[in-house]
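coords please:
(chains A and B)
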Amino acid sequence: MDLFLQFLINGLVIGAFYALSALGLTLILGFMKVVNFAHGELYMLGGVIGWWVTSRLGLDFFSGLLVVAVAMGAFGWLVDRFLIERIRHEGEEAGILLTIGLSVFIINTALILVGSTPLKVAGPVAATPLFLGSAVVTENRILAVAVCAVLMAATHLVINRTRLGRAMRATFQDPMAAQLAGIGVANIYACTFAIGTIIAAAAGMLLSSIYSVQVSMGGLVTLKAFIVVILGGMGSFAGAILGGLLLGVVEALWGGYVSTGWVDVIGFSIVILTLLFRPYGLFSKRAERA
Amino acid sequence: MLQRWNGVAMCLLTAMCGLAVAQEPVKIGVIEPLTGSVAYDGQSYVNGAKLAVAQRNAAGGVLGGDVQLVIEDGQCSPANSVNAAEKLIVRDRVAVLTGAFCSSATAAVQPVADRNRKILLSGVSSDVRLTEKGLKYFFRSAETDKLMSKAFSKILAKDLGLETVAYVGVNDDWGRGGVKNFSADLSEAGVKEVMVEYFDHGETDFSTLLAKLRAAKPDGIFIAAETQDGSVLVRQLKEFGVQSKVFGVGSWATADFIKLTGEASNGIYAAVPYVATIGGERNAQFVKAYSAAYKNSPGKYSAAGFNALNILMDAIARAGSTDSDAVRKAMLETDYKAPNGEYRFTDKGEAYGFDAVLVQISDGKLNIAAQTTIDKP
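Predicted coordinates:
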């Protein structure tokens, strides 16, 4: 029973991280219908740039996070305007090929620039253990979960409460009507991709302060993010968060009571089952097939 | 990918030089993980290999020509490593091969090399079974898990005063082999096994595993993990307040590992075949040359790459040709003076005669706690 509490806490912490990693993907995949295989690389870039600005430019963690957000936002905007724009109406395969190419390009460019050494971002607080009864959790994780929550809330507000968010929702419901209503559709697409990129990069920097970042780690992040998005339903904001938490808790319990060696099996099993029985995701209201 | 362009650039360069010196270069194929979670370690191996080749070429090369490395990224995965081997043998027509780092990947490359009658020398893969298959052209210049655990289990059990140990390894042939061998030898020395767990390459969060470790409260924790996974794991051990003594195998005895792990590295033990702080004139020269070339002191895998390439180039020079049977004969006569002892091979292609050290990290320094020579198995 003591261990159960510990596994549950671990699962919720990891789940929050999964949710944040997947949030950017669910925006891009659900709204823009771009199957973004470069998502993990955007995450990795966030970690690497975060490492660079904190250790080389000497910024503190949160200023660093701001720099990462601005730089990666601009990067995402440019990627959409100059690359994704060209294949916007070519179907999903073109997007898949483009983002796979983009991920290969980003990985190898980063390899030239920073090499394959794992990098550690200095966190805002130390990893002091906090004991909650018999369970233990470190301070930096609690802070990271809090930052996760803030980022999620901010994204939610941007989409539901701002002019930009309203324009985004209109554009993805009906681009033609949105354009007739005077919305700069191309700019909205680019902004959506930029927001997705910012969330991915922020997650990358945040988690690199707890774990470490390495240039070729993106593949695993992309995989986990896809699992969460499929679980939660594409484009579903609450789904991504619940899906992330669910995956984290299930993995922690499986690892705790069965074996940590085969933990990834559980994620993929859930995906297969979800696709078979609830193809729109566990938390989606639509149950019929398109 | 990058390495491929390097390869192309090197081809062009040697092609141009070729006009002046007519003599064909001797090509050596290298398969190492340059991306993925052991990329850092694979890159160290390549760095050591490049240094050995640069030194040899500056001293006149082999068989009257330069030695040329053709480097492929095997990603530590069996499938990619086999593809790399096929490409190196068929397209690049390399004389000999070295690789493929992870035991699982090397095991997959073995039949390809054997079918094509190519010498394959692994400077890293430590799974015991690799040399037990009766393959004529396979050699290994690395310590096996078995030799390491035999060399250090008693010392560890006695010096650390261990009664119970938990075993944690990366989920592949190397990690499982390390756990199996150390647990067998430590059990023989009277140490009780309380837990065995594995984790996947590239794992970032070990909190579940750590919760189990905290509950098991072992005296010592044995870990088989490479730089990336190992540094994260050791750091999280300390973060979660696990007090057990930590020891293990993997490339821990390096400055980069200490930098990544920070204070958490204090007090841990690593059983390695090489550390930059071992004595001797040959090592001093190697450390100096390596540091000058890469602005970083060499670790276990830098030395492995350096040694493997020197052993191969020596054998080709002694054989007087790149014919596989002649090189094989010369390989068996190897008596190579490495920075860490002398390498010889058994008939099965297993290396012995080199040193192994037990290193303790304290206050960011690598202190040698015990040193021994790997005997003929």
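
ok, residue 194 - contacts?
All of this refers to chain A. A:73-74, A:76-77, A:80 (Cβ atoms under 8 Å, 6 or more residues apart in numbering or on different chains). Where you see a C-beta, it was placed from the backbone N, CA and C, and this is true even at glycine.

meant chain B, my bad for not saying
B:164-166, B:216, B:218.

show me what the helix or strand A:Asn160 falls within is packed up against.
A:Asn160 is part of helix A:139-161, with elements assigned from DSSP states H and E. Helices and strands touching helix A:139-161, by 3 or more Cβ pairs under 8 Å, 6 or more residues apart in numbering or on different chains; DSSP states H and E, are helix A:2-26, strand A:129-132, helix A:163-173, helix A:185-208, helix A:237-257.

so which residues on the stretch 101-250 of chain A come close to chain B?
A:104, A:107-108, A:111-112, A:115-118, A:120, A:127, A:129, A:131, A:135-136, A:138, A:207, A:211-212, A:214-217, A:220 (Cβ under 8 Å from any Cβ of the partner chain).

pretty sure B:Ala356 sits in a strand.
Yes - remark: B:Ala356 belongs to a strand, assigned using DSSP: H, G, I helix; E, B strand; the rest coil.

you'd agree it is up against B:Val275?
No - B:Ala356 lies out of contact with B:Val275 (Cβ atoms under 8 Å); the separation is 10.0 Å.

out of the two, which sits in the busier spot?
B:Val275 (26 against 22; other Cβ atoms under 10 Å in any protein chain shown).

show me what contacts the more buried one?
B:253, B:299-300, B:357, B:359, B:366, B:368.

switch the cut-off to 10 Å
B:252-254, B:283, B:297-300, B:303, B:340, B:355-359, B:366-368, B:371 (Cβ atoms under 10 Å, 6 or more residues apart in numbering or on different chains).

equivalent analysis for A:Thr171, please.
A:31-32, A:177-179, A:181, A:183-189, A:191-192.

follow-up on the earlier one: can you tell me which of the residues of the stretch 101-250 of chain A next to chain B are buried?
When those are checked for burial by 16 or more other Cβ atoms under 10 Å in any protein chain shown, the buried set is A:107-108, A:111, A:116-118, A:120, A:127, A:135-136, A:138, A:207, A:211-212, A:214-217, A:220.

show only the entries of these found in strands.
A:135-136, A:138 (DSSP state E).

can you redo those residues as TSV with distance to A:Val250 and pLDDT?
Below are these laid out as TSV (distance: Cβ to Cβ, whole Å; pLDDT from 0 to 100):
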residue	distance to A:Val250	pLDDT
A:Ala135	18	80
A:Val136	21	83
A:Thr138	22	86
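
identify the residue nearest B:Thr372 in space, chain neighbours excluded?
Nearest non-adjacent residue to B:Thr372, counting by Cβ to Cβ, 6 or more residues apart in numbering or on different chains: B:Ala151, 5.0 Å away.

wait, is the one you found part of a helix?
Yes - under three-state DSSP, B:Ala151 sits within a helix.

in this structure it contacts B:Tyr352, no?
No - with contact defined as Cβ atoms under 10 Å, B:Ala151 does not count as touching B:Tyr352 (11.3 Å).

count of residues packed around B:Lys192?
Counted with other Cβ under 10 Å, the neighbours of B:Lys192 add up to 12.

strands paired with the lowest-mean-pLDDT helix or strand in chain A, and their directions?
Lowest by mean pLDDT, DSSP states H and E among the helices and strands of chain A is strand A:129-132, with a mean of 82. The strands that strand A:129-132 pairs with in its sheet are strand A:135-138 (antiparallel) (by DSSP bridges).

dump the partner strand to CSV, keeping only the CA atoms.
Extracted in CSV, the C-alpha atoms of strand A:135-138 (Å, rounded to 0.1, in the frame of the first residue of the first chain):
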residue,chain,number,x,y,z
ALA,A,135,6.3,8.5,-0.5
VAL,A,136,9.0,10.8,-1.9
VAL,A,137,8.9,13.4,-4.6
THR,A,138,11.6,16.0,-5.5
